[in-house]
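K.L.:
Kindly generate the corresponding structure for this input.
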Amino acid sequence: MTLHERLGDRHNHLNALRLALASLVVLGHAWPLTGADGPSLELLSDVAVNGFFVLSGYLIAESRVRTRLMPYFWRRFLRIYPAFLVSLLVVAAIFAPLAAAIEGTSFDLASAAGFVLNNADLRISQWGVDGTLTRVPAPDSWNGSLWTLFYEALAYVLLGLVLSLAVAARHARWVLPALFLLVLVLRALAEGPLDVTSHLFLHGARLVGYFLAGAAVWAWARTWRPTWVHVAGAAVVYGVLTDLGWADLYGQLPLAVLLLGLGAAPSDNWTTRTDLSYGVYIYAYPVQQLLVLLGTASWGVAVNSLLVLLLTLPLALLSWTLVEKPALRAKAWLDPRDRPDRRVPSPDAADASSTVREGRRPD
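P.N.:
All right, here's what the predicted structure looks like:
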């Protein structure tokens, strides 16, 4: 089976893989948030975020070709923004007052309101709430994971506009890899001879590059038939690049092949119907900070990370059940004519014979 056929429904490991990546972010953040000494695995959080963008690039490219532009933007908004906004409110109204009570400080309502309002545009400009998180190794920062969502939104817009061009849509299997290579070269130049210092450009080039790597694999998904040899080979290449210190700059395609090959393995467990990865991603950091404030840093990185996951998973389930899943039901509001059996065009040919049922995947 081709990659497209394997990922054409929910019976695969993509949701489980994204949950694993979210868990790696928790583990990677454990060292800076607990102030632990010695060798750390902080790099894992960067690799996991890169992996998220790879998987997102594949899924969003598929979503774009079967959805008109405005409904596409509406669906992307519904997938990330409602749960993001609720997470800001939860921190401001629940986590921050709890922290103030634990620390014995006065709760600053105006600063809590600013935490929601100043960050509501997805660009995190206010990291803390005044008077809280003053006695932790990473002070004045309630959710250091949210900064990547702005770049996710940028990637959505970029891909949506590129595939709105008829020539790009018809020749996606050449256009998307070319666009990925362009960003790859621009990033290497920016971090090398050009010595660019703009965080907006550097972060954007890094994350959008991984996103486009996933989209480039999607462009050939009807041709590529993944095997365990491909997955193992990609793992070896990525491992070598990591050892050389080049993985972050040049490991996008090996990581994409590795993760999408793993995700294509058939599965029918609970993760195929419930996606907790986003909820874990947006709630784990504030849970970690609150636990450290309660003194759990002394329990060690492993125990602390496990405790964070155990406490975050129920929040993620609530987010999925009460916010994310209900929000996704509003997809048809902007385009009620978008039927579940709508035919999906192939990246290059107009005679594609396969159909993918809309709504199978939350992305």
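K.L.:
what about the residue lying closest to Thr272 once chain neighbours are set aside, is that helix, strand or coil?
P.N.:
Nearest residue to Thr272 in three dimensions, chain neighbours excluded: Arg10, at 4.4 Å (Cβ to Cβ, 6 or more residues apart in numbering). Glycine gets a C-beta too; all of them are placed from N, C-alpha and C. Following DSSP: H, G, I helix; E, B strand; the rest coil, Arg10 is assigned to coil.
K.L.:
does Arg10 really touch Thr274, like I thought?
P.N.:
No: in this structure, Arg10 is not within contact of Thr274 by Cβ atoms under 8 Å, at 10.3 Å.
K.L.:
Report the contact partners of Leu69.
P.N.:
Leu69 sits next to Gly160, Ser164 when contact means Cβ atoms under 8 Å, 6 or more residues apart in numbering.
K.L.:
now it: how far from Ala168?
P.N.:
Here the criterion is Cβ to Cβ, to the nearest Å. By it, Leu69 lies 13 Å from Ala168.
K.L.:
isn't Phe201 right next to Leu189, touching?
P.N.:
No: counting by Cβ under 8 Å, Phe201 sits too far from Leu189 to count as a contact (11.0 Å).
K.L.:
ok, which stretches of the stretch 1-150 of the chain are helices?
P.N.:
3-6, 14-34, 43-65, 69-90, 96-103, 109-119, 148-162 (DSSP state H, counting those that start in this stretch).
K.L.:
now these as JSON lines including mean pLDDT?
P.N.:
As requested, these are exported to JSON lines (pLDDT from 0 to 100):
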{"stretch": "helix 3-6", "mean pLDDT": "93"}
{"stretch": "helix 14-34", "mean pLDDT": "94"}
{"stretch": "helix 43-65", "mean pLDDT": "95"}
{"stretch": "helix 69-90", "mean pLDDT": "96"}
{"stretch": "helix 96-103", "mean pLDDT": "95"}
{"stretch": "helix 109-119", "mean pLDDT": "97"}
{"stretch": "helix 148-162", "mean pLDDT": "97"}
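K.L.:
what stretches of the stretch 251-363 of the chain score poorly on pLDDT?
P.N.:
Scanning the stretch 251-363 of the chain for pLDDT under 70 picks out 336-363.
K.L.:
how about the helices in it?
P.N.:
252-263, 277-293, 301-319, 325-328.
K.L.:
re the thing from before, for Trp228, which of the helices of the stretch 1-150 of the chain is the nearest?
P.N.:
helix 3-6 (13.0 Å; Cβ to Cβ).
K.L.:
what comes into contact with that closest one?
P.N.:
So helix 3-6 is contacted by 12, 217-218, 221-222, 224-226, 260-261, 264, 266, 354 (Cβ under 8 Å, 6+ apart).
K.L.:
Now stretch 103-113: buried residues?
P.N.:
Phe107, Asp108, Ser111, Ala112 (16 or more other Cβ atoms under 10 Å).
K.L.:
would you put the C-alpha positions of stretch 71-90 in CSV?
P.N.:
Taking C-alpha atoms only, stretch 71-90 is exported to CSV below (Å, rounded to 0.1, in the frame of the first residue of the first chain):
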residue,chain,number,x,y,z
PRO,A,71,-13.2,26.7,4.6
TYR,A,72,-9.6,25.6,4.9
PHE,A,73,-8.7,28.6,7.0
TRP,A,74,-11.8,28.2,9.1
ARG,A,75,-10.9,24.5,9.8
ARG,A,76,-7.4,25.4,10.7
PHE,A,77,-8.7,28.1,13.1
LEU,A,78,-11.0,25.7,14.7
ARG,A,79,-8.3,23.1,15.2
ILE,A,80,-5.9,25.3,17.2
TYR,A,81,-7.5,28.5,18.4
PRO,A,82,-10.4,27.6,20.7
ALA,A,83,-8.3,25.2,22.8
PHE,A,84,-5.4,27.7,22.8
LEU,A,85,-7.7,30.5,24.1
VAL,A,86,-9.2,28.2,26.7
SER,A,87,-5.8,27.2,27.9
LEU,A,88,-4.9,30.9,28.4
LEU,A,89,-8.1,31.4,30.4
VAL,A,90,-7.4,28.3,32.5
